[in-house]
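J.: Need a 3D model of the sequence below.
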Amino acid sequence: MIIKLERLKIQSRRSEEAINITALVEEAIAQSGVQNGLVHVMTTHTSSGLVVTEGIPCLEQDILTHLARLFPESEDYHHRRYLDYDGRLGFNADAHLKSVVGGISCSFPIENGKMARGSRQTIYFMEYDGPLERTCLIQILGE
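T.: As a prediction, this is how the structure comes out:
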């Protein structure tokens, strides 16, 4: 049994964006040597997410547009206050809520050394509070 954990660094460029990381996950699988198993991808940040959908720019924009409608930045959130436990002002509740709704992880089977996925399934790292350098964990298990 092979178990590998890769840390993928992602630099977002905008406050909110969808970054296609599918090829980076596939590359990690190829380098692991696993032929059959499972890959699990997870963001380590509470104001970002992972989404699997068809890989086209109009859907990237639709996701961001509709999450912004659900969770506008200017809303009067409880999180918008001084947070005494870490000495900072909470300002990004909208980003946290987008992460909760969109999700923080995804998993795919690995078959014959490749991710088994639908032909249009694309893995997006979703930045909701950038631009920042972020980390995703890619856990690969199998034989």
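
J.: give me the beta-bridge partners of Thr135?
T.: Per DSSP bridges, the residues bridged to Thr135 are Lys9.

J.: That one reaches Ser48, doesn't it?
T.: No: taking contact to mean CB atoms under 8 Å, the distance of 9.5 Å between Thr135 and Ser48 leaves them out of contact. Glycine gets a C-beta too; all of them are placed from N, C-alpha and C.

J.: Pick out whichever of these two has more residues nearby.
T.: Neighbours were counted for Thr135 and for Ser48 using other CB atoms under 10 Å; Ser48 has more, 27 against 13.

J.: May I have the residues that are in contact with the more buried one?
T.: Residues counted as contacts of Ser48 (CB atoms under 8 Å, 6 or more residues apart in numbering) are Ala95, Ser99, Ile104, Phe125, Met126, Glu127, Tyr128, Asp129, Arg134.

J.: Let me know the closest of those residues to Glu73.
T.: Glu73 has its nearest neighbour among the contacts of Ser48 in Ala95, at 8.5 Å by CB to CB.

J.: Make sure the closest one is indeed in a strand.
T.: No: counting by DSSP: H, G, I helix; E, B strand; the rest coil, Ala95 is not part of a strand but helix.

J.: surely it meets Gly49?
T.: No: look at Ala95 against Gly49 with CB under 8 Å: they stay out of range, at 9.3 Å.

J.: Give me the residue at the spatial middle of the protein.
T.: The central residue of the chain, meaning the one whose C-alpha is nearest the mean C-alpha position (CA atoms, centre = their mean), is Leu50 at 2.7 Å.

J.: Which helix or strand contains Arg69?
T.: helix 57-70 (DSSP states H and E).

J.: returning to that earlier point: excluding its backbone neighbours, what's nearest the residue nearest to the centre of the chain?
T.: Leaving out its chain neighbours, the residue that sits closest to Leu50 by CB to CB, 6 or more residues apart in numbering is Cys106, at 5.2 Å.
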